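Peer 1: structure for this input, please:
(chains A and B)
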Amino acid sequence: MSKFTLYIIVFQLMLVSTFNSFAQKHSYFYNQKNSFAIRASINPRLIPMSNNRGDALDGGTYFQGYDKNNKRVRGDEKVNLMLNLSYGRLFGGNKIIGAEFNYQKHHLTVNRKLFVDNDNIDPDSYEKKGIPFLSSSPIFNVYDINVFFGHFKKSALAPSQHLFQYGFGVRMSSLNTKQNYRMDANTPITDLSKFVEGPDDNYLSLRFTFSYTYRILLTKNLNLDLGLSTCVGLSLVQGGLYTFNENEPIYNKYYIETRLKFENFMNILYFRSGLSFDF
Amino acid sequence: MNLFTLKKTLLLIMAFSFSTLAFSQVQTLSNFKTTRASGEPPAVFKLSFEETVQKALLEITALDEKNKENYARLTAYHINKILKSGYVLYGDPMTAFVNKVGDNLIKNDANLRDKIQFFVLKNNMTNALCTEPGIIFITTGLLAQIENEAQLAYVMCHEIAHYQEKHLQYAYKEEHQKKKSKPTEVEAADSYSDLVMLSKDHEFDADARALELYYEAGYAVSEINTVFDVLMYSYLPFDEIQIGNDFFANDAVYIPQSYFPEKSNPIKAFEDYDDTKSTHPNIRKRKEAILVELKEYKNWQENIRFFDEIEFKNVQNMARFETVRENVVLGEYIEALYGIYILEKKFPKNEYLETTRAIIWSYIAQLSTTGSTSSLTSNSSKVEGNISMLYGFFKKLNKQELALLAMREVEDIYRAFPNISVIKEVREATIKNMAHIKNFKLSKLEEISYYEALELRENKDTLITQIDTLNLENETKYDRIKRMRIKQSSSQSLTELIDDNFAYFLLYDLVSADDFNKIYNDENKKMRNNQSSSNTTAVSDKERYNNKEIILMTPYLQASKKGIYDVEQTIKFNEIYESEVRKQTKKKNLLNFNFELNENFTTESYNEISLLTDYYLFLVNLKVNISAATFIDKEEFNTYLSKHDHSFMVFILGEATSKSFLKHRLKGKAQYIDITTGEIYLSKDYYVNYRINKASVGGLVYQMFSKF
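Peer 2: Presented below is the predicted three-dimensional model:
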């Protein structure tokens, strides 16, 4: 965890403790001033999907990898699935401040630029006609840590049905090293540095989010959440042009940065659903 | 929903049996105490909601199966509310008399008599109400207004006819169909009476059928017309007498006639009023319809009564005393004073009436210093008849005049009844109150009466001449005193003798009294000390509420769907509320009257509810600071306090509305009444956009009890 992220979390906790003193003056539903939520979000990769046309793989949604039996599997990641954990503290009657932790597994789009003659790729097999491309696509762990401020609609005691949240945080992406990466079915990649450039690197970006959650009361403490988030992702990294060199890793840093930046920027809309527990 | 709704509802449920005591003479009612139920409760009071539904179902013949069930539940719910309100009497002389009249009316139909029960409901409305299953309520307001047994008998016949003809059931059916066809035109109904409104046809039917019963019983035809007059003028006090000089007890006190309006407001009621928006036809139409029906009956008997007139008079007087008392509880002070004035013509120097009068004047005194005196006369333009003279008089008085006049009245009552502790207490409070009159000094007051001053001024020159020529050698002690006083008065009194200055002479015999001055000066000092050290310590909620006994009154919870009262949801609301209260208050020191009456109905608990509801109504209608106000049932209340000191009475209001499948609203609030001090505290509002369920209703209960 970077110092920056740590700072944000500490700052958030300070805010929570400060606002706690004001909370007593207001009424809350069952005097619930804490809200813990676990949700799953789905982000349809609409723009990458639009790049899947024809043989143009760049910016698309295709990936490939190997299963437990080292059998090559091809995938099409049309949506990102993100898990969210959040904690919020209510204050001022209908306001909430808190932190959200998100995790998603992201397959980097298959790197067609590996091929010199990139005009002759079979879009079904990702293989250059006559020259098969069998290497795994790298998988990244993506973590978000956000602080958020929100408010419930004033027409009812909070926590209530309508929650509006404004979040700001960092997104960190790092290579998932515990995968069965292979050059082909018979050749595992033992040296990750030959697979991706800087396998231990963290890629940071900033994210601003606005979310609306409609909470359906199940029991006095439990709500079924249905929500929508819009995000603006700004990368802190600069992607570069890809220059292929035989001696370089299959996925070089510039390519990864470009892909992650693009991905982060395009993760605009998330539909989310889950449970929140208020106490 | 607001406090007004609660008040309205409580008034509404304050809607109407006594061992058959024989009365040999009109009671003096000097030791009158408000009537409470006594003895073994009738079986209908002990029925649960479901049992009442089952009983009602047996009676319903005019509705189809679906409506039958709904109607039975609606009826049972509301009847249970009324029966457990504390305001329905049993085992009392009024209910006993009403039942005797009822027995006589249907003596030839034992089957019908078994099905009908009569109760008296303590309420100032002039009304009678027929409900399922065969319960007929007669209000004390009606008993106070009617003039004889025959008139009461006619009203009862009318209600019996409603029952016999199943009018309520038909009305429900018609109302139900109307709502189905034109839902948008139906406004939200908030009560049983709004829902089951009888049509004009039902009223004509009931009048015709009543005539049959009334004729068979042998009452006189002459009273039928009069009973309609009674109903028409029932908005006026129970008698119309002119305000005379005796309204103010002390003859030596000058009350300027110029302060009274020149004439009273006219009585505007007339028979042929517009009844298009009323369920009842107007009086003229009813009289005309009755005249047609009367042609079918010959050989009328001439009985005005079958029972001793004294017995009726006693019932009527008790009802009138109850009317006065209720007016005090409801903050209608001028109405109450006028009622006392009427009753004192029959019951002069009555201890109860005089004590009540002292209490009312003390409230008025408080109003003049801490409240708004305009609240006293806010209805003055609408008041008709002789009482409007009083309204006009009180409207003319300024705050200082009001305070001084109130002091005068309380003092005169105290002098007539010096040994009654409540009056003594009230007097002390009123004297103390004088220290709080703005821009007032005791030295402003004259030590001679207005009449004396007038006489002295007129004869001033003559007197001085006489004094100067007096033979001092033969002068007695009393001559000397008289001479000194004449000189003092005629020289020291600078007050101009005009009507506007009458108040300065009101306390002429009191301003130099030692005890008066002591109480006044002590209060003055206390007030100054309080002003100089105004660091009052704020009491936290924790200190105020923790570990206190909670006396939970029956809540007022109501549900509506698309603006229409929804009885099923209302019942559900109440059921969930009850189960949540049980669940959430296990560890609290709770006395829940609702449970008590539903599970173990006793007359003692029932009367306690009645007393506490009275106390609550008294507090919410009190226009002055409670700290110096005396509750009219103080003695009875003190007995209760000895058992429940430091308790909080809790009233909960809840309203659930449903506008569509997704739009729901449930809100509520509570009032916490410290029964020792009478202070009322309000809860924070509870409001959620959820339908009625365990969580939403539980949240209301949670919030309302979170203080304890």
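
Peer 1: could you pull out the strands in the stretch 101-250 of chain A for me?
Peer 2: A:121-122, A:127-128, A:139-152, A:162-175, A:182-184, A:187-188, A:202-217, A:222-235 (DSSP state E, counting those that start in this stretch).

Peer 1: closest to B:Glu496 out of these?
Peer 2: Closest to B:Glu496 of these is strand A:139-152 (CB to CB; 67.3 Å). (Each C-beta comes from the backbone N, C-alpha and C, glycine too.)

Peer 1: is any residue of the closest one near chain B?
Peer 2: No: counting by CB under 8 Å from any CB of the partner chain, chain B is not contacted by strand A:139-152; separation bottoms out at 10.5 Å.

Peer 1: so which bits of that strand are buried?
Peer 2: Neighbour-count burial for strand A:139-152 flags A:139-140, A:142-152 (criterion: 16 or more other CB atoms under 10 Å in any protein chain shown).

Peer 1: let's have those in TSV, adding pLDDT.
Peer 2: Below are the buried residues of strand A:139-152 laid out as TSV (pLDDT from 0 to 100):
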residue	pLDDT
A:Ile139	94
A:Phe140	94
A:Val142	94
A:Tyr143	94
A:Asp144	91
A:Ile145	93
A:Asn146	93
A:Val147	95
A:Phe148	95
A:Phe149	96
A:Gly150	95
A:His151	96
A:Phe152	96
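
Peer 1: and which of those residues is nearest A:Ile96?
Peer 2: Using CB to CB, these come closest to A:Ile96 at A:Gly150, 4.5 Å.

Peer 1: quick check: that closest one touching A:Pro159?
Peer 2: No: here A:Gly150 does not reach A:Pro159: they are 10.0 Å apart, not a contact under CB atoms under 8 Å.

Peer 1: overlap in contacts, those two.
Peer 2: Contact criterion CB atoms under 8 Å, 6 or more residues apart in numbering or on different chains; residues shared by A:Gly150 and A:Pro159: A:Ile96.

Peer 1: residues in contact with the residue in the stretch 101-250 of chain A positioned nearest to chain B?
Peer 2: For the stretch 101-250 of chain A, the residue closest to chain B is A:Lys220, as judged by CB to the nearest CB, at 4.0 Å. If you count contacts by CB under 8 Å, 6+ apart, A:Lys220 has them with A:Phe29, A:Tyr30, B:Lys694, B:Ala695, B:Gly698, B:Gly699.

Peer 1: where does the prediction get shaky in the chain?
Peer 2: All of this is about chain A. A:1-24, A:53-59, A:111-132, A:236-247 (pLDDT under 70).

Peer 1: sorry, I should have been clearer: chain B.
Peer 2: B:1-27, B:178-198, B:276-279, B:460-474, B:482-494, B:532-537.

Peer 1: other SSEs contacting the helix or strand harbouring B:Leu402?
Peer 2: Assigned by DSSP states H and E, B:Leu402 falls within helix B:399-416. If contacts are counted by 3 or more CB pairs under 8 Å, 6 or more residues apart in numbering or on different chains; DSSP states H and E, helix B:399-416 sits against helix B:351-370, helix B:421-434.

Peer 1: if we go by neighbour counts, what in that helix is buried?
Peer 2: Neighbour count says helix B:399-416 has B:399-414 buried, by 16+ other CB under 10 Å.

Peer 1: cool, stretch B:639-652 as well?
Peer 2: So stretch B:639-652, judged by 16+ other CB under 10 Å, has buried residues B:Tyr640, B:His644, B:Ser647, B:Phe648, B:Met649, B:Val650, B:Phe651, B:Ile652.

Peer 1: tell me the one of the residues you listed nearest chain A?
Peer 2: B:Ile652 (14.9 Å).

Peer 1: OK, contacts around that closest one?
Peer 2: Per CB under 8 Å, 6+ apart, neighbours of B:Ile652: B:Leu552, B:Met553, B:Pro555, B:Tyr556, B:Leu557, B:Tyr577, B:Gly668, B:Lys669, B:Ala670, B:Leu700, B:Met704.

Peer 1: so which of the residues you listed wins on neighbours?
Peer 2: B:Leu700 (30 neighbours; other CB atoms under 10 Å in any protein chain shown).

Peer 1: tell me the SS of that one?
Peer 2: helix (DSSP: H, G, I helix; E, B strand; the rest coil).

Peer 1: got the contact list for it?
Peer 2: Listed by CB under 8 Å, 6+ apart, the contact set of B:Leu700 reads B:Tyr577, B:Glu580, B:Ile652, B:Gly654, B:Leu666, B:Gly668, B:Tyr686.

Peer 1: out of everything not next to it in sequence, what's closest to it?
Peer 2: Spatial nearest neighbour of B:Leu700, excluding adjacent residues (CB to CB, 6 or more residues apart in numbering or on different chains): B:Gly668 at 4.5 Å.

Peer 1: what about the closest residue to chain B within the stretch 1-150 of chain A, which SS state?
Peer 2: Nearest to chain B in the stretch 1-150 of chain A, going by CB to the nearest CB, is A:Ser27, at a distance of 4.3 Å. Classification of A:Ser27 by three-state DSSP places it in coil.

Peer 1: that concludes my questions; thank you for your assistance.
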